[in-house]
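> Structural data only, the sequence is not supplied:
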C-alpha cells in the first residue's frame, strides 16, 4: 500500500538518502553513549529466579498441564498441517514505499506484518517486534505450525531498522532465520533481548545484541526503551526450560508512547506498568492462542483479558495481535478479533480505538 493519506509529501531520492544517512549517524552516536542497560528506574524488576537459577514469573512457578492435555493438543497441531482452516486474516498489498520515505520523518505508524511482528515508526526510529518471516514456527520445519498468511511486507522492502525487540525465545517469536537476514541486511540494526538470550543470537552470527532484565532501559536517539515484566515462560530444547528470560517492552518518546506485550497471560503487572509508564498512545496485545484453556490460560491472554490489560496499562488505543497467522491453538482463526471487539464494548475504549489490522496494513497512531 502507499501509506496513510495524511502522510508527508514524498521527498526526492537524493534528499531522502541524505536525510537517512544523517539520521543513522545520529542514532549510532547516541548508541555509543548508551551501550549498556541503564538502571531499574521503572520499579518493575528485576526478574525473580528459583534456587536453580531459572527465571520465574512474578507469581512464582505456575502449574503446567499434564500429558492428558498436551499430547492430544500436539496431535491436533500435526494433523492440522493436512486440513484446511478457514478464517485467516485478510492481507493487503504493501510495497513499503511510504514506510521507507517516512523513516526518520516521525509520522507515527504501526504496520502489522503478521502474528506478533509489527513495524513501528515513531520518534525518528523504525523498529520491529518479534520479527518472523518464516513459513513455519518450529525447530523442525516440516512438522512446525504452518503459516496461513504471508508476511504483510517483504523483508527487503523494509525501511532501515534501528532496533529489534524480542519478547522471548519461543520459535514463533525468536526466529533465527529472520534475525540473521535482518542482521545481514543492515549491520547498524541492534537486537534487544531479555536476559540470557544473547548467547543464542551470537552463536548464529548476530553480534549487535544487548540483554536486559525487567526494569532496565536504554535511551536511543529520541526514544527510551524499557524491558518490562510479562507472565510467560521460555524453552527451545529439552533442558533449557526457563533458562532465558521473557519480557514485554515499552518504547516512549516526546510524541508517542507504545507498549508491546509480547506473549503473556493476564497478571497484576499490567496495572503497575500503566502506573509507572502510562498512559500509552497504543498498546499491542496478544488476543489469540487461548484454547484449550487448560493448557493456555496461564500463558496467553484471551480477547476479554486483552481488553482488561489495555485498560490496566492505560492505553488510549489497543491493537490486537498474535492471532490467525500460525496454526498454534484450537480456537477458530477468526474468533479472537470478534471477541476482542465485543469485549471492548461498554468500556472506556471507543470503537475506533480498538484496532484489528489487516496483514500488511499501516495505520498512523
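Cool, the structure landed. What you are looking at is a predicted structure, and each value in this text was computed from that prediction instead of being measured.
> for the chain, what spans make up the helices?
Under the criterion DSSP state H, the chain contains helices at 13-33, 67-80, 97-102, 176-185, 198-203, 269-277, 293-296, 303-312, 335-344.
> Need the ones you listed in TSV (columns: mean pLDDT, distance to residue 169 and mean neighbour count).
Bear in mind the C-beta positions are built from the backbone N, C-alpha and C, glycine included. Shown next, in TSV, are the helices of the chain (pLDDT from 0 to 100; distance: least, Cβ to Cβ, whole Å; neighbours: other Cβ atoms under 10 Å):
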stretch	mean pLDDT	distance to residue 169	mean neighbour count
helix 13-33	37	24	13
helix 67-80	89	19	13
helix 97-102	97	28	20
helix 176-185	97	10	17
helix 198-203	98	7	16
helix 269-277	97	20	20
helix 293-296	94	18	17
helix 303-312	98	22	24
helix 335-344	98	24	20
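> Turn those helices into JSON lines, columns for distance to residue 228.
Formatted as JSON lines, the helices of the chain follow (distance: least, Cβ to Cβ, whole Å):
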{"stretch": "helix 13-33", "distance to residue 228": "21"}
{"stretch": "helix 67-80", "distance to residue 228": "29"}
{"stretch": "helix 97-102", "distance to residue 228": "26"}
{"stretch": "helix 176-185", "distance to residue 228": "21"}
{"stretch": "helix 198-203", "distance to residue 228": "18"}
{"stretch": "helix 269-277", "distance to residue 228": "6"}
{"stretch": "helix 293-296", "distance to residue 228": "22"}
{"stretch": "helix 303-312", "distance to residue 228": "12"}
{"stretch": "helix 335-344", "distance to residue 228": "22"}
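> Out of these, which is closest to residue 328?
Nearest to residue 328 among these is helix 67-80; the distance by Cβ to Cβ comes to 7.7 Å.
> Now for the residue nearest to residue 78 when sequence neighbours are not counted: which residues touch it?
Leaving aside its chain neighbours, residue 78 sits nearest to residue 143 (6.5 Å; criterion: Cβ to Cβ, 6 or more residues apart in numbering). The contact partners of residue 143, taken as Cβ atoms under 8 Å, 6 or more residues apart in numbering, are 78, 81, 136.
> Residue 143 and residue 136: what is the separation?
For residue 143, the distance to residue 136 equals 8 Å [Cβ to Cβ, to the nearest Å].
> Repeat that for residue 261.
According to Cβ to Cβ, residue 261 stands 24 Å off from residue 136.
> Ok, residue 104 next?
For residue 104 relative to residue 136 (Cβ to Cβ), the value is 34 Å.
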